[in-house]
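*Asks:* 3D model of this:
(chains A, B and C)
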Amino acid sequence: MDFAFILRSLPLLLEGLQLTLALAGLALVGAALGGIVVALARRSTLAPLRATSLAFVEVMRNTPIMVQIFILYFGLPSIGLYPDAFISGVIALVLQNSAYVGEIYRAGIESVNRTQTEAALSLGMMPRAVLLQIVFPQALRRVLPMLGSQAVVIVKDTSIASTIAVAELTHTGKLLLDRSAAPYETFLAIALIYLAVTALTLGALKLVAIRFPVRA
Amino acid sequence: MNLASLRYLGIGAGTTIGLAAAVIVLGAVVGMLLATARLYAWPPIGKLAEGYALVIRGVPLLILLIGAYFSLPYLGMDMPLYAVVILVMGLYFGAYMGEVFRGAIASVPRTQWDAGRSVGFRWLQVFGIVILPQARRLCVAPFLNVALTVVKNTSLVSAIGGWELVAAGREIGERTGDLLAVYLAIAAVYFAICFPLARLATFIERRSHA
Amino acid sequence: MPDPLVSIEGVGKSFGANRVLKEVSLSVGKGEVVTLIGPSGCGKTTLLRCVNVLETYDSGLITIDGETVGIRLDTAGTRRRRPDHEIAAMRARVGMVFQSYNLFPHLTVLENLTVAPVRVRGLPAAQARDKALALLERVGLADKAGQYPATLSGGQQQRVAIARTLAMEPSLILLDEVTSALDPELVGEVLDVVQSLAADGMTMMIVTHEMQFAREVSSRVAFMAAGEILELAPPADLFGDPKNDRLRAFLGRYRAAHRI
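*Replies:* This is a model prediction of the structure:
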C-alpha cells in the first residue's frame, strides 16, 4: 500500500473536499429552508398552492438528480441562461432535497396529535404561535432521524456534480485515478474521506437529537 | 423531437428498465443474505454485515462505479460494462434492501416464533411459512421505494460510459443541438417510469396501515 | 337568571348529515357549576367544545359575558366567523381541561404553565414563573416544576393541566371528562382539585361520567340525550327524583353497572 502517494495527493483531495463541503453545506441549508416552504404549501388551505407543491414534490422525487443538473447546466443555455456548474449543482440539490425535506417536515407535523393544537388554542394562543411554539418543536424532534438520513443523501449526491466538471471530491478522484499508479490507495482514500464526512454529519444530528429529545 | 428520436429514447428507456430490474433482483438476493446474517447468524458475521451496510451507506454510488470502471483493466477484462455495473449497483443497493428486509422481519412479533415452534415446525419452516409471509407485507412499500431509487440511479451509468436513457438522450441532443428539449424529455420518461411505482408504493403503504 | 356568565340559546350543530345538537339552550351564572351527563354520543362534549370554538355551531347563539362566541351577527343577521385574534382573546378567558391532559411534552411542567401567560398576555417571565409556582403549590405539585410531563402519573398530569388553565386567570373553565382516562386510584386527587375550584367560586361547565362527583360539585345538572337537554335541575332533584323517562333509564343502567 503506497501511502506516500496518498500523502502526496492529499492536498488535491482536500481541495476537492472543500468543494464537496461547500456544495453540501449550501444544499443542506437551502433544503432545510426550502423544505419549510414546501411543507407549508403542501398543507395550505389554498388549493392551487397545494396542487403546485404536490406536483413539484412528485416531479422532484421521480426524476434523477443527474438529469435535473443537466437540465440546468446544459439545457438552460438553449434559452439564454448560462448557469455556472457549481451553481447548477447547488440549485438542483436544493430543489430536489427541498421536496424530500418538505415531505419529512410534513410527516412530522402530521404526527403531532391534533389535541396538542387544541390545548394550545384553548389557552388563547394564536394559530401561528401554536405552530411555532408547540407543533414545530415536537414535529422536528420526531423526524430528526429521517432528516439525518436525508442529510447523508445530500452529501453523497454532491458527487453527481462531478458529471458537469465541478471539481469536488469525486471529480478530483476521477482525475487522480486516471493518472495515478496507485488506484486502490486513491480509491480507498476517497472512500474514507466520504465515510468520515457522512459519519460526522450523522454524528452531528445525533448530538442534536440528544439535545432535543422526543419526550413522549 | 421527431419520431426516430422518440424511438431511440424508448430503447434507452428499455435499457434503463432492464438494468434496473437486474440490479433489483441482485439487490434483493444480497439484501436477504445481509438481513438474515444480521438477524440470525453467528454474531461476528452479523457484525460484518452491519459494517458492510454502514460503509455502503456512507460512500456515494458514483465513486464506487468509477472505482469499478478503473478496475476493469486489472480484473476480468472480458466482463462487459453492464455486468460490472449490475454487480456494483446490486451490491450497493443490496445494503439498502438488507435494511428494509431486516426491519420488516424484525417487526414480526417474537411470539410468532413461539407459535410456529409449538406446532412442530423446524427453524427453516417457521421462518419460511410463518415469519417471511408476514414480513413480506411490511416490506413491500419500502422495497418499492428502494427500487425507485435504483431506476433513478441507473442514470449514473452514463457517467462511466455506459449506454442507457441519459446516454441515448445525450446522443440525440448532440445531433439536434436542442439540449433543453432532450433533457426535459428524458426527465419526462423517468417520471413516466417512476411515478406509477411511487403511487403503487403509497397505495400499498396506506393499505398496510388500515 | 339575571346576567348569566354563559348564555347558550338554541344552539344547533351537525356533522354532515348527523345532527349532534338540536336547539340546545342553557344558562350558566357566575360561580355556578353546571354538569352535563348523558349517554355517549348525546352531544355533551360537542356542546362544551362549541363554547370555546373548538367546534363551530351552525345555528343559535352562545355568549360569554355578553360577548358572542365564535361568530358575529351583523346588522342583516348573517353569521360571520370572528377573526382569529378575537377568538384567541376569548379563549384566553375560558380555560379547558381535556380527557387526555394534553400537556406539551417538550416543555417542563413549569414551562407548560408559563408559555401562554408570557406569549399571550405578555407577562414578564419572572412574574409568570412566580404565579406558576404558586399554582403548582395549590394543586400539590410544586416539586415537579422542573420535570417533563412524561415522568408524571396521569393524575399528576391532569392536575398540572388544571393549573395550566388557572395560569391564564379564566372566568370560566370547561372540563371535558377529565377523569375518564385515569386509573381509578388517581381519580380522587383530580376531583379534589376541581372541588376546591368550585369552593373558590370558579364558574365551570363539566362533562363527566362520575355521577357521585356530579352530585357533589354541581349547582345544576343537565341530562342530555340525542342532542337535546331533557332535564335540568339541581343534583338533589335530578338524581333523587328524576322526571324524564330516559334519564331514569340512564340512571338505572348506571346504578346497575356500578352495583349501587
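
*Asks:* Residue B:186 contacts residue B:169, doesn't it?
*Replies:* Yes: if you go by CB atoms under 8 Å, residue B:186 and residue B:169 touch, sitting 4.3 Å apart. In this view, the C-beta of every residue, glycine as well, is placed from N, C-alpha and C.

*Asks:* List the residues that are in contact with both of these two.
*Replies:* Common neighbours of residue B:186 and residue B:169, counting by CB atoms under 8 Å, 6 or more residues apart in numbering or on different chains, are residue B:9.

*Asks:* Give me the distance between the spatially most central residue of chain A and residue C:241.
*Replies:* Residue closest to the average C-alpha location in chain A (CA atoms, centre = their mean): residue A:154, at 3.7 Å. Counting by CB to CB, to the nearest Å, the gap between residue A:154 and residue C:241 amounts to 73 Å.

*Asks:* Strands along the stretch 151-260 of chain C, start to end?
*Replies:* C:172-176, C:203-207, C:220-225, C:228-233 (DSSP state E, counting those that start in this stretch).

*Asks:* Look up the closest residue to residue B:52, ignoring the ones flanking it.
*Replies:* Excluding the flanking residues, the one nearest residue B:52 by CB to CB, 6 or more residues apart in numbering or on different chains is residue B:95, at 6.4 Å.

*Asks:* Give the rounded mean pLDDT of the helix or strand the one you found falls within.
*Replies:* Residue B:95 is part of helix B:81-107, with elements assigned from DSSP states H and E. Average pLDDT, helix B:81-107: 93.

*Asks:* Repeat that for stretch C:59-77.
*Replies:* 87.

*Asks:* Ok, stretch C:161-169 next?
*Replies:* 94.

*Asks:* buried set for it?
*Replies:* For stretch C:161-169, burial by neighbour count (16 or more other CB atoms under 10 Å in any protein chain shown) applies to C:161, C:162, C:163, C:164, C:165, C:166, C:167, C:168.

*Asks:* Can you get me a residue count around residue A:13?
*Replies:* 18 (other CB atoms under 10 Å in any protein chain shown).

*Asks:* helix or strand for it, which one?
*Replies:* helix A:3-42.

*Asks:* Show me what that helix is packed up against.
*Replies:* Judged by 3 or more CB pairs under 8 Å, 6 or more residues apart in numbering or on different chains; DSSP states H and E, helix A:3-42 is in contact with helix A:47-62, helix A:85-111, helix A:136-157, helix A:169-179, helix A:183-211.

*Asks:* Just send the ones you listed back as JSON lines, with mean pLDDT and distance to chain B too.
*Replies:* Output for the helices and strands packed on helix A:3-42, formatted as JSON lines (pLDDT from 0 to 100; distance: least, CB to the nearest CB, whole Å):
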{"stretch": "helix A:47-62", "mean pLDDT": "95", "distance to chain B": "4"}
{"stretch": "helix A:85-111", "mean pLDDT": "95", "distance to chain B": "10"}
{"stretch": "helix A:136-157", "mean pLDDT": "94", "distance to chain B": "4"}
{"stretch": "helix A:169-179", "mean pLDDT": "86", "distance to chain B": "5"}
{"stretch": "helix A:183-211", "mean pLDDT": "91", "distance to chain B": "4"}
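
*Asks:* and the longest helix anywhere in chain B with helix B:81-107, angle?
*Replies:* In chain B, assigned by DSSP state H, the helix with the most residues is helix B:3-40. Relative orientation of helix B:3-40 versus helix B:81-107 (axes from the mean of the first three to the mean of the last three CA atoms, to 10 degrees): 40 degrees.

*Asks:* Give me the next element, helix or strand, following helix B:3-40.
*Replies:* helix B:43-58.

*Asks:* Which parts of that next one count as buried, going by neighbours?
*Replies:* B:46, B:49, B:52, B:53, B:56, B:57, B:58.

*Asks:* phi, psi of residue C:74?
*Replies:* The phi/psi pair for residue C:74 (degrees, to the nearest 10) reads phi -90, psi -180.

*Asks:* Hmm, residue C:80 and it touching each other?
*Replies:* Yes: counting by CB under 8 Å, residue C:80 is a contact partner of residue C:74 at 6.3 Å.

*Asks:* dump the residue contacts of the residue nearest the centre of chain C.
*Replies:* Nearest residue to the geometric centre of chain C (CA atoms, centre = their mean): residue C:174, 1.5 Å. Residues in contact with residue C:174 (CB under 8 Å, 6+ apart) are C:48, C:51, C:52, C:94, C:95, C:96, C:97, C:204, C:205, C:206.

*Asks:* let's see it at 7 Å
*Replies:* C:48, C:51, C:52, C:94, C:95, C:96, C:205 (CB atoms under 7 Å, 6 or more residues apart in numbering or on different chains).

*Asks:* And these, which two are furthest apart?
*Replies:* By the measure CB to CB, C:48 and C:95 form the most distant pair in the contacts of residue C:174, at 11.9 Å.

*Asks:* Looking at these two, which has the bigger crowd around it?
*Replies:* With neighbours defined as other CB under 10 Å, residue C:48 and residue C:95 compare such that residue C:95 has more, 28 against 20.

*Asks:* could the strands of the stretch 151-260 of chain C be laid out in TSV, adding mean pLDDT and distance to residue A:85?
*Replies:* Output for the strands of the stretch 151-260 of chain C, formatted as TSV (pLDDT from 0 to 100; distance: least, CB to CB, whole Å):
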stretch	mean pLDDT	distance to residue A:85
strand C:172-176	95	60
strand C:203-207	96	65
strand C:220-225	94	70
strand C:228-233	93	72
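
*Asks:* Residue B:4 is nearest to which of those?
*Replies:* Closest among the strands of the stretch 151-260 of chain C, using CB to CB: strand C:172-176, at 70.2 Å.

*Asks:* Where does the prediction get shaky in chain B?
*Replies:* B:1, B:75-78, B:209-210 (pLDDT under 70).

*Asks:* and if we set it to 80?
*Replies:* B:1-2, B:71-79, B:119, B:207-210 (pLDDT under 80).

*Asks:* what mean pLDDT does stretch A:29-40 have?
*Replies:* On average, stretch A:29-40 scores 95.

*Asks:* Now it - C-alpha only, PDB.
*Replies:* C-alpha atoms of stretch A:29-40 as PDB (Å, rounded to 0.1, in the frame of the first residue of the first chain):
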ATOM      1  CA  VAL A  29     -29.200  25.000   4.300                       C
ATOM      2  CA  GLY A  30     -31.200  25.500   1.100                       C
ATOM      3  CA  ALA A  31     -33.100  22.300   1.500                       C
ATOM      4  CA  ALA A  32     -33.800  22.900   5.200                       C
ATOM      5  CA  LEU A  33     -35.300  26.300   4.300                       C
ATOM      6  CA  GLY A  34     -36.900  25.200   1.100                       C
ATOM      7  CA  GLY A  35     -38.500  22.200   2.900                       C
ATOM      8  CA  ILE A  36     -40.400  24.700   5.100                       C
ATOM      9  CA  VAL A  37     -41.800  26.400   2.100                       C
ATOM     10  CA  VAL A  38     -42.800  23.000   0.500                       C
ATOM     11  CA  ALA A  39     -44.300  21.700   3.800                       C
ATOM     12  CA  LEU A  40     -46.400  24.800   4.400                       C
END
